[in-house]
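Peer 1: coords please:
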Amino acid sequence: MSLDCTFKHVLGLDNLHLCQVIYSQFGLAIHQNDHQAKRRFVEWAQNGIAVVPDFHKRILFTDEPHFCLNGYINKQNCRIWSEANPQVYVETPLHPEKLTVWCALWAGGIIGPYFFKNDEGHNVTVNGDRYRAMITNFFIPKLNNHDVQDLWLQQDGATCHTARATIDLLKDTFGDCLISRFGPVNWPPRSCDLTPLDDFLWGYVKSLVYADKPQTLDHLEDNIRRVITDIRPQMLEKTIKNWTSRLDYIRASRGSHMPEIIIKM
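Peer 2: Now for the predicted structure:
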């Protein structure tokens, strides 16, 4: 399936029909209660929109993937949904050179990218301490120009996100306006089809940052910064509008995972 087809749909450039997704990364087993959890979240979100019509524009969606120097990205565009864990094999380098990149995306723009590095400036993966340091030293200061009381924060169920110290830190800023496992509003597990970063951002960035075949992580980092900075507000507006259509589909399908047009890995 072509990349052009993917972004025509995401950006609303035509009336392209959704295609049945075939996910192929690690193979995610659908648990018995997943559909119920997703239905509850969708009903909560749509009730919020019914009361406050621009409610969906007040949600900061957050996520972090690895971008490998060889062009592999560990998120989220390719998976297989199954009632049992499927046997899926993906060829990846044993010890890839990679960047771990965090962003927050909402109707008002993108906060980030933030690249996880240690005190020596070397690229590292994310853990609880590094995630909380990012929130304290990077994310919260970036929110100074926004009315945090009107914004919600969404994060997935990664362990570094849901440790008690992390949840307490986020509650200090967002109070009950936190969408997360162990948060005031539960984020349903295995719901990458409900986040605009997985649905749009990471695939879009990947489609561009490897075009000149970067040979160093610094070059790749520069490309990622440039591509994200250049994303137009209209693209984000259409991405968030598309999110409300996804809610409609998931509610009508009683919590089924969303068929998606995907980027071929």
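
Peer 1: what score does the most centrally placed residue in the chain have for pLDDT?
Peer 2: For the chain, the residue nearest the mean C-alpha position is L197 (3.2 Å; C-alpha atoms, centre = their mean). Looking at L197, its pLDDT reads 94.

Peer 1: again, but for F200
Peer 2: For F200, the pLDDT comes out at 91.

Peer 1: that one: neighbour count?
Peer 2: Applying other C-beta atoms under 10 Å, we find 25 residues neighbouring F200. (Each C-beta comes from the backbone N, C-alpha and C, glycine too.)

Peer 1: repeat that for R251.
Peer 2: 15.

Peer 1: about what we covered before: surely the residue nearest to the centre of the chain meets L60?
Peer 2: No. Checked against C-beta atoms under 8 Å, the pair L197 and L60 is beyond contact range at 10.6 Å.

Peer 1: please enumerate the shared neighbours of the two.
Peer 2: Between them, L197 and L60 share these contacting residues under C-beta atoms under 8 Å, 6 or more residues apart in numbering: L105.

Peer 1: with adjacent residues omitted, what lies nearest to the residue nearest to the centre of the chain?
Peer 2: D63 (4.2 Å; C-beta to C-beta, 6 or more residues apart in numbering).

Peer 1: got phi/psi on the one you found?
Peer 2: Dihedral pair for D63: phi -170, psi 160, per degrees, to the nearest 10.

Peer 1: that older thread, measure the residue nearest to the centre of the chain to Y204 for me?
Peer 2: Using C-beta to C-beta, to the nearest Å, we find L197 at a distance of 10 Å from Y204.

Peer 1: just the element for the closest residue in space to P188 that isn't next to it in sequence, please.
Peer 2: Spatial nearest neighbour of P188, chain neighbours left out: A37 (3.9 Å); criterion: C-beta to C-beta, 6+ apart. For A37, the host element (DSSP states H and E) is helix 34-51.

Peer 1: from G109, how far off is the closest residue to D156 other than its chain neighbours?
Peer 2: Excluding the flanking residues, the one nearest D156 by C-beta to C-beta, 6+ apart is W187, at 6.2 Å. W187 sits 22 Å away from G109, taking C-beta to C-beta as the criterion.

Peer 1: which one of these two has more residues nearby?
Peer 2: Just comparing W187 and G109: by other C-beta under 10 Å the higher neighbour count belongs to W187, 22 against 13.

Peer 1: for that one, phi and psi?
Peer 2: According to degrees, to the nearest 10, W187 has phi -90, psi 120.

Peer 1: in the chain, which spans are strands?
Peer 2: With DSSP state E as the criterion, the chain has strands at 28-29, 59-63, 66-68, 81-82, 98-106, 109-115, 152-154, 178-179.

Peer 1: can you check the pLDDT for L11?
Peer 2: pLDDT, read off for L11, is 44.

Peer 1: kindly report the same for the one 3 residues further on.
Peer 2: Model confidence at D14, expressed as pLDDT, equals 40.

Peer 1: mind checking how far K38 is from R130?
Peer 2: 29 Å.

Peer 1: name the residue in the two with the higher neighbour count.
Peer 2: Taking other C-beta under 10 Å, K38 and R130 do not tie; K38 has more neighbours (25 against 17).

Peer 1: and the pLDDT at the more buried one?
Peer 2: K38 carries a pLDDT score of 91 in this model.

Peer 1: what do you get for N137?
Peer 2: As predicted, N137 sits at a pLDDT of 97.

Peer 1: give me the low-pLDDT residue ranges for the protein?
Peer 2: Applying pLDDT under 70 to the chain flags the ranges 1-32, 72-95, 254-265.
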